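1. predicted model and sequence follow; I will ask about them next.
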2 protein chains.
Amino acid sequence: MPMTTSPPYDATAGAPALSGTERTRVRRLAERAATDRRALYDVLDSGRICHLGVIVDGSVRVLPTGYGREGDTLYLHGSTGAASLRAGGEVCVTVTHLDGLVLARSVFHHSMNYRSAVIYGRPRLVTDPEEKLTGLRALVENLAPGRWDAARRPTRKELAATVVLALSLDEASVKSRQGPPADDDEDLALDVWAGVLPVREALGEPVPDPLLRPGIGYSK
Amino acid sequence: MPMTTSPPYDATAGAPALSGTERTRVRRLAERAATDRRALYDVLDSGRICHLGVIVDGSVRVLPTGYGREGDTLYLHGSTGAASLRAGGEVCVTVTHLDGLVLARSVFHHSMNYRSAVIYGRPRLVTDPEEKLTGLRALVENLAPGRWDAARRPTRKELAATVVLALSLDEASVKSRQGPPADDDEDLALDVWAGVLPVREALGEPVPDPLLRPGIGYSK
C-alpha cells in the first residue's frame, strides 16, 4: 500500500508484451510497459546480478547469480554440482534496477522508480565447446568489460567443471516506473516534502589483491 | 565458471542453517555460511527491494517488490488485485546486496562479493487493522526512514485497497562472499591485475516534485 506504484506483486502479471504469451501480456499498469526490445537489452546489459527462480521438489527457490547476454540469448552458469541446474524445468529470470525512492505526501503513494526485466523459459544445456566459450565470455564481460581478454582463459578442465545454460529471450517483458510521486490532488497542499531520491550503483576505488605482484596497475 | 564463487545457482541449496530444514542446510560452500540471526537482520534491514518467488499455474515467477521487517516477521504488500497474492502458496523471498566485483587472474575465478538472505514460507494475510498498520509502517520505513511520521497516514479506504502479507523469518538463511580473488597458485605470477572493485548503492541529491509547494525543504 505504500509503494502501490512500486514494483508490485504482479509485476510480471502486468508486464508488457515483448512476447505474446499470457504471462507477459499487459493486464495492469499498462502505462508502465516498455514495449521495445531495446529496453530489454538496456535493462539486461546494465545489470550484473539476476534473480533466478526455479522449482525444486515442488518448492520455489530464488537465487542470485551472474549472467551475460549475447544477442537474444541469456547465458547462466553454475558448477556441475548445482542441484538447481539439474532440474531441467522452466525458470524465471528477473533483473531489477532500483532508480529512485519516490517520497509522496501520503504514505500510500510512496513508491520506487525502477526498471525490471522478466524472462521465462526452459534453459538449454550448452554442450558445444564454442558456444560454451561464447557464454562464458558474455558472463565475464557483463561482470567487468575487458576481463575476457585481460585474464587467463579457461582450461579444458575448468570448462568441464562448469555448466553453461542458454536461455532464449523469446518470452520476456520489461517494466519501468519513473518520475515524481503521484499524490492525490487533495494532498498537494500538505506541508510534506515530496520528490525523488535518486539511487545509483557506484563503483569504489579498486582494491588490489594482497598477492598482486608489484608494478601491475589497474586499468579499466 | 567465471564466478563459480559468486552467487551460484545453488546459493540456497548451499545456504547455512539459520533453520534446520533440508533446503536451508549447508550442502556446499559451507565456509560462506553466516549463521547468526543478526546477519539476517543486517541483510534485510540494509536492503530495499526483495525478489519474491511464487508459483502461479505451475510456473515460477520472480517479482521485485518492497518489504519491511518488524522483529521476526517480513511484511510484503500489494494491491488487492494482484494475482500472485491470491495464490496463497509457499513463497521464496531473496534479498541480495552486490558488494564487489572480484577480478581474478583467471577468467575462471572471477566472482562477486555479495550478501544474500533467502526466506521460505507461506505468507499469512494480515487482517488485524493494527498489524496492517505495523506492516505498512515497516514497509515505508524500510524505503525511507522517517516517512511514516512525515507523510499523511493511510485512510480507511486506502487500507482496504491494500493487501499486507506477513512472512515468518523462521526458515531463512544468509550467505556471503567477501575478500580478494582466490586464484590458483600457478596463476599468481601472471601479469594480470587482480583485486576487487567495490560496489555500493549511492543516493543522489533529492529531486523535488515539480508540484512541491515553495518553502518546503527536504530533511532526511
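-> Noted; the coordinates are in hand.
2. what about the residue nearest the centre of chain A, which SS state?
-> By CA atoms, centre = their mean, chain A has its centre lying nearest to residue A:95, at 1.7 Å. Here residue A:95 is recorded as strand under DSSP: H, G, I helix; E, B strand; the rest coil.
3. per-residue confidence at it?
-> At residue A:95 the predicted local confidence, pLDDT, stands at 98.
4. give the next helix or strand downstream of the longest helix seen in chain A.
-> When chain A is parsed with DSSP state H, its longest helix is helix A:129-143. Next helix or strand after helix A:129-143 toward the C-terminus (DSSP states H and E): helix A:147-150.
5. with adjacent residues omitted, what lies nearest to the residue nearest to the centre of chain A?
-> Once flanking residues are discounted, residue A:95 sits nearest to residue A:47: 4.3 Å by CB to CB, 6 or more residues apart in numbering or on different chains. Any C-beta I mention is one placed from the backbone N, CA and C, and that applies to glycine too.
6. how about low-confidence regions in chain A?
-> For chain A, the stretches with pLDDT under 70 are A:1-35, A:79-87.
7. quick one: secondary structure of the residue lying farthest from the centre of it?
-> Ranked by distance from the centre of chain A (CA atoms, centre = their mean), the top residue is residue A:189, with 38.5 Å. Here residue A:189 is recorded as coil under three-state DSSP.
8. what residues does it make contact with?
-> Applying CB atoms under 8 Å, 6 or more residues apart in numbering or on different chains, one finds that residue A:189 lies in contact with residue B:213.
9. same question, the one 5 residues further on
-> For residue A:194, the residues meeting the contact criterion (CB under 8 Å, 6+ apart) are A:103-105, A:180-181, A:183, B:208-209, B:211-212.
10. you'd agree residue A:62 is in a helix?
-> No. Judged by three-state DSSP, residue A:62 forms no part of a helix; its state is strand.
11. that one against residue B:96, yeah?
-> No. Counting by CB atoms under 8 Å, residue A:62 does not reach residue B:96; the two are 9.3 Å apart.
12. more crowded one of the two?
-> Set side by side, residue A:62 and residue B:96 show more neighbours around residue A:62, with 31 against 27, by other CB atoms under 10 Å in any protein chain shown.
13. which among the contacts of residue A:194 gets closest to residue A:42?
-> For the contacts of residue A:194, the closest approach to residue A:42 (CB to CB) belongs to residue A:180, at 22.0 Å.
14. what count of nearby residues applies to the closest one?
-> 20.
15. returning to what we had before: any quick PyMOL command for the buried ones out of the contacts of residue A:194?
-> PyMOL command restricting those to the buried ones, with burial defined by 16 or more other CB atoms under 10 Å in any protein chain shown:
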select buried, (chain A and resi 103+104+105+180+181+183) or (chain B and resi 208+209+212)
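16. let's have the contacts of residue A:194 in CSV, adding distance to residue A:162.
-> Shown next, in CSV, are the contacts of residue A:194 (distance: CB to CB, whole Å):
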residue, distance to residue A:162
A:103, 44
A:104, 47
A:105, 52
A:180, 46
A:181, 46
A:183, 51
B:208, 49
B:209, 49
B:211, 53
B:212, 52
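17. one step back: need the overlap of contacts for residue A:62 and residue B:96.
-> With CB under 8 Å, 6+ apart as the test, residue A:62 and residue B:96 both reach A:51, B:51.
18. among the contacts of residue A:194, which ones are in helices?
-> Per DSSP H, helices hold no members of the contacts of residue A:194.
19. quick one: which of the contacts of residue A:194 sit in strands?
-> If you go by DSSP state E, those have A:103, B:208 in strands.
20. which of the contacts of residue A:194 sits closest to residue A:157?
-> residue A:103 (52.9 Å).
21. got the contact list for that closest one?
-> So residue A:103 contacts A:110, A:181, A:193-197, B:144, B:147, B:151 (CB under 8 Å, 6+ apart).
22. need those in JSON lines with distance to residue B:122, can you?
-> Formatted as JSON lines, the contacts of residue A:103 follow (distance: CB to CB, whole Å):
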{"residue": "A:110", "distance to residue B:122": "27"}
{"residue": "A:181", "distance to residue B:122": "33"}
{"residue": "A:193", "distance to residue B:122": "39"}
{"residue": "A:194", "distance to residue B:122": "37"}
{"residue": "A:195", "distance to residue B:122": "38"}
{"residue": "A:196", "distance to residue B:122": "35"}
{"residue": "A:197", "distance to residue B:122": "34"}
{"residue": "B:144", "distance to residue B:122": "29"}
{"residue": "B:147", "distance to residue B:122": "30"}
{"residue": "B:151", "distance to residue B:122": "31"}
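23. pick the one among these closest to residue B:39.
-> Nearest to residue B:39, judged by CB to CB, of the contacts of residue A:103 is residue B:144 at 23.8 Å.
24. how deep is the closest one tucked in, by neighbour count?
-> When neighbours are counted by other CB under 10 Å, residue B:144 comes out with 20.
25. now it. Nearest residue, chain neighbours left out?
-> residue A:101 is the one closest to residue B:144 (CB to CB, 6+ apart), at 5.3 Å.
26. likewise for residue A:43?
-> Leaving aside its chain neighbours, residue A:43 sits nearest to residue A:117 (4.1 Å; criterion: CB to CB, 6+ apart).
27. that neighbour: how many residues sit nearby?
-> When neighbours are defined as other CB under 10 Å, residue A:117 has 27 of them.
28. got it, and residue A:188?
-> Residue A:188 is flanked by 14 other residues according to other CB under 10 Å.
29. do residue A:127 as well
-> Number of residues near residue A:127 (other CB under 10 Å) recorded here: 8.
30. what about the strands in chain A?
-> Using DSSP E, strands in chain A cover A:49-56, A:59-66, A:68-70, A:73-79, A:91-103, A:111-121, A:124-125, A:162-168, A:171-177, A:195-203, A:207-208.
31. can you check which of those gets nearest to residue B:217?
-> strand A:195-203 (10.7 Å).
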